[in-house]
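>>> one predicted model, sequence on top.
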Amino acid sequence: MANLKDILVLDGDGIGPEVAPVAVDALRLALGSEGVEMRLDHGLVGGRAIDETGTPLPEETLAKAQAADAILLGAVGGPRWEQLPMAQRPEKGLLGLRYGLELFANLRPALLFEPLAHASSLKSERVSGLDILIVRELTGGIYFGEPRGVSVDENERVGVNTYVYREHEIERIARVAFELAERRGGRLCSVDKANVLEVTQLWRDVVNEVASDYPDVQLSHLYVDNAGMQLVRDPKQFDVIVTGNMFGDILSDVAAMLTGSLGMLPSASLAASGKGLYEPVHGSAPDIAGQDRANPLAMVLSAAMLCRYSLDAPGAGAAIESAVGRVLDRGLRTADIAGEEVRTNGIELVGTRAMGEALLAELTDVLKEAE
Ligand code: IPM
Ligand code: MG
């Protein structure tokens, strides 16, 4: 078959193994209808990889990821592995994949699903219609800068991390953000701390230089403290936000919370080649793992992003997204998005499996209607 795509599935830890299969089923259905056949492979990463192989990112997994067209990842981490030294923790598996595959562009949409507007920590009118895209640089900055570590100097411990960006790293993430802004609302806000940190003054300069290639995009700049404040004050002022690794880590959690549920948000981490790793923004949620309580929809929406960004199958992505909209419209809720609503008529509290089955049924209908 001409259109065969290799997808690597990394379930990971906690609720990962519960939510990943739902996304795989959705992917198979949606891609099938577009004439794309997927060849699945599985691998270990994170805590389970530590247990079974002694390392959070086995060579075999990295090699499989390098060979795949796209990777679906559940989540990594859990209390079982928190006592390990930093270099051996589950999170290192994720960071190793990002770095090893040069997944420098992290796309984190914060989209409000209207039926869930009440679940936001902000008043509904502040978030109704919210649709922000955070573009986070993912393979540089203080996460990866050298030197790093803790040493002893003059009889006391000294901790060091290095916040470093090279010009080309700023330029390539800026271009991704400008191009996405062009296709969305045409507004881009770059976030830095240029009043204090030289590295982010360079960030601002390079973003300004790149801007001349995108005359249709309206560019603004904010310091990160102000950006955090604006996000909780009036989030709808934003369209696309571009920022470095650590600021993006923080701001994307803030933006996620505005939508009322971390359980709904997908993410994409892209390389220049178009290869991508797709994972829900929520973590491994060890407290509810294995109880059929996890919300599979963020994982499912990650599969939709995979169709759009790595497989050039936007129709399949759109079908998955509208199926998600429909299960919400039907009143189905997992515990994390049910809130006070559970007592309302027409709202049904369901577990992971039931939500997954309903989603696949809706997706089947959506695809039939599109025929
Ligand atoms: C995220 C997470 C990761 C990060 C952790 C798990 C290493 O918080 O993807 O936002 O800090 O990038
Ligand atoms: Mg984070």
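Done, it's in. Ligands and ions are numbered 1, 2, ... in the order given.

>>> enumerate the residues of this structure near ligand 1.
By CB under 6 Å from any ligand atom, the residues of the chain that approach ligand 1 are 91, 94, 95, 249. Heads up, the C-betas are built off the backbone N, CA and C, glycines and all.

>>> what mean pLDDT does stretch 238-246 have?
The average pLDDT within stretch 238-246 is 98.

>>> likewise for stretch 251-262?
Mean predicted confidence for stretch 251-262 is 87.

>>> and it, C-alpha only, in PDB?
What follows is stretch 251-262, C-alpha atoms only, in PDB (Å, rounded to 0.1, in the frame of the first residue of the first chain):
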ATOM      1  CA  LEU A 251       2.800  29.500  30.800                       C
ATOM      2  CA  SER A 252       1.400  26.400  29.100                       C
ATOM      3  CA  ASP A 253       0.300  25.100  32.500                       C
ATOM      4  CA  VAL A 254      -1.400  28.400  33.300                       C
ATOM      5  CA  ALA A 255      -3.100  28.500  29.900                       C
ATOM      6  CA  ALA A 256      -4.200  24.800  30.300                       C
ATOM      7  CA  MET A 257      -5.900  25.600  33.600                       C
ATOM      8  CA  LEU A 258      -7.800  28.400  32.000                       C
ATOM      9  CA  THR A 259      -9.700  25.900  29.900                       C
ATOM     10  CA  GLY A 260     -10.900  24.100  32.900                       C
ATOM     11  CA  SER A 261      -9.400  20.800  32.200                       C
ATOM     12  CA  LEU A 262      -5.900  19.500  31.800                       C
END
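
>>> may I see the buried residues of that stretch?
Buried residues in stretch 251-262, counting neighbours by 16 or more other CB atoms under 10 Å, are found at 251, 252, 254, 255, 256, 257, 258, 259, 260, 261, 262.

>>> a helix runs through the fourth one, doesn't it?
Put plainly, it is residue 255. Yes. Looking at residue 255 with DSSP: H, G, I helix; E, B strand; the rest coil, it is inside a helix.

>>> wait, it sits on residue 131?
No. With contact defined as CB atoms under 8 Å, residue 255 does not count as touching residue 131 (10.7 Å).

>>> could you find the closest non-adjacent residue to whichever residue of the chain sits closest to ligand 1?
Residue nearest to ligand 1 within the chain (CB to the nearest ligand atom): residue 91, separated by 4.0 Å. Leaving out its chain neighbours, the residue that sits closest to residue 91 by CB to CB, 6 or more residues apart in numbering is residue 77, at 5.9 Å.

>>> could you look up the SS state of the one you found?
Criterion first, three-state DSSP; result for residue 77: coil.

>>> contacting residues around it?
Contacts for residue 77 (CB atoms under 8 Å, 6 or more residues apart in numbering) come out as 13, 14, 46, 47, 89, 90, 91, 283, 284, 286.

>>> neighbour-wise, which of those leads?
Each of those was scored for neighbours by other CB atoms under 10 Å, and residue 46 scores highest at 31 neighbours.

>>> sorry, back to before: joint contacts of residue 255 and residue 131?
Common neighbours of residue 255 and residue 131 (CB under 8 Å, 6+ apart) are residue 110.

>>> out of everything not next to it in sequence, what's closest to residue 244?
Distances taken as CB to CB, 6+ apart put residue 141 closest to residue 244, at 4.4 Å, once the chain neighbours are dropped.

>>> isn't that neighbour up against residue 166?
No. Using CB under 8 Å as the test, residue 141 is too far from residue 166 to be in contact (10.6 Å).

>>> would you list every one of the helices in the stretch 251-371 of the chain?
Here the stretch 251-371 of the chain has its helices, by DSSP state H, counting those that start in this stretch, at 297-309, 314-329, 335-338, 352-370.
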